[in-house]
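Trainee: Structure for the following, please:
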Amino acid sequence: MSLTSKSCDFSCEPIFSFGKKREALRKPIRVNASFTTVRMMFRVRVTRIESIRDLDGNLGKRIELVEEREISKFVIKPQTEEAQVVQDVLQALQQQMPMPVRAQVANPKIILFLTEQEYESLGIVFDVNQVYEIALEDSLIRFRKTV
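Mentor: Numbering: from 1, shown residues only. Take a look at the predicted model:
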């Protein structure tokens, strides 16, 4: 068995006798030992870019990324007739009043503190309000600019 194989064979010797099943247990068992990479993806928006100085006095950038998540429009149906009337009145008020509809929740996710050299070597030009998809896999963080 080599370490690079994607599957390996194991043979089993039963400890206890199970009657007719004993013969089946002596056959080699094929186990799939392939390792799949766990990949996690999420969307972030650049909310702030500011100039900073590090401890050595070098100029750098502080880049704040917040996670964007869609809020599901889960509607609860009221149990009583009075609750239904209250819900209808509130919905009518919400439609008449100019309130900003917040369809997304912003959670702070990543704050990067980079010197100018680190920022340039990263190879990404961050712009405020730009949305990026971030993938975490194999000890890497990948940024992909969304359209």
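
Trainee: CA atoms only for stretch 47-57, dumped as PDB, please.
Mentor: Provided in PDB are the C-alpha atoms of stretch 47-57 (Å, rounded to 0.1, in the frame of the first residue of the first chain):
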ATOM      1  CA  THR A  47     -16.200  49.000   4.300                       C
ATOM      2  CA  ARG A  48     -13.200  51.000   5.300                       C
ATOM      3  CA  ILE A  49      -9.600  51.700   4.100                       C
ATOM      4  CA  GLU A  50      -7.500  53.900   6.200                       C
ATOM      5  CA  SER A  51      -3.800  54.900   6.400                       C
ATOM      6  CA  ILE A  52      -1.900  53.600   9.400                       C
ATOM      7  CA  ARG A  53       1.700  53.500  10.700                       C
ATOM      8  CA  ASP A  54       3.100  50.300  12.000                       C
ATOM      9  CA  LEU A  55       5.400  50.000  15.100                       C
ATOM     10  CA  ASP A  56       8.500  50.800  13.000                       C
ATOM     11  CA  GLY A  57       6.900  53.900  11.600                       C
END
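
Trainee: Just the residues contacting that stretch, thanks.
Mentor: With contact meaning CB atoms under 8 Å, 6 or more residues apart in numbering, stretch 47-57 is reached by 59-66, 106, 113, 115, 126, 128-129. For the C-beta atoms, the positions are set from N, CA and C on the backbone; glycine is no exception.

Trainee: Buried subset of the residues you listed, written for ChimeraX?
Mentor: To isolate the buried ones among the contacts of stretch 47-57 in ChimeraX, judged by 16 or more other CB atoms under 10 Å, type:
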select :60,61,63,64,65,66,115,126
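
Trainee: Widest-spaced pair of the contacts of stretch 47-57?
Mentor: Leu59 and Ala106 (27.8 Å; CB to CB).

Trainee: in the lengthiest helix in the chain, what counts as buried?
Mentor: Counting by DSSP state H, the longest helix found in the chain is helix 81-96. For helix 81-96, the neighbour count (16+ other CB under 10 Å) marks no residue as buried.
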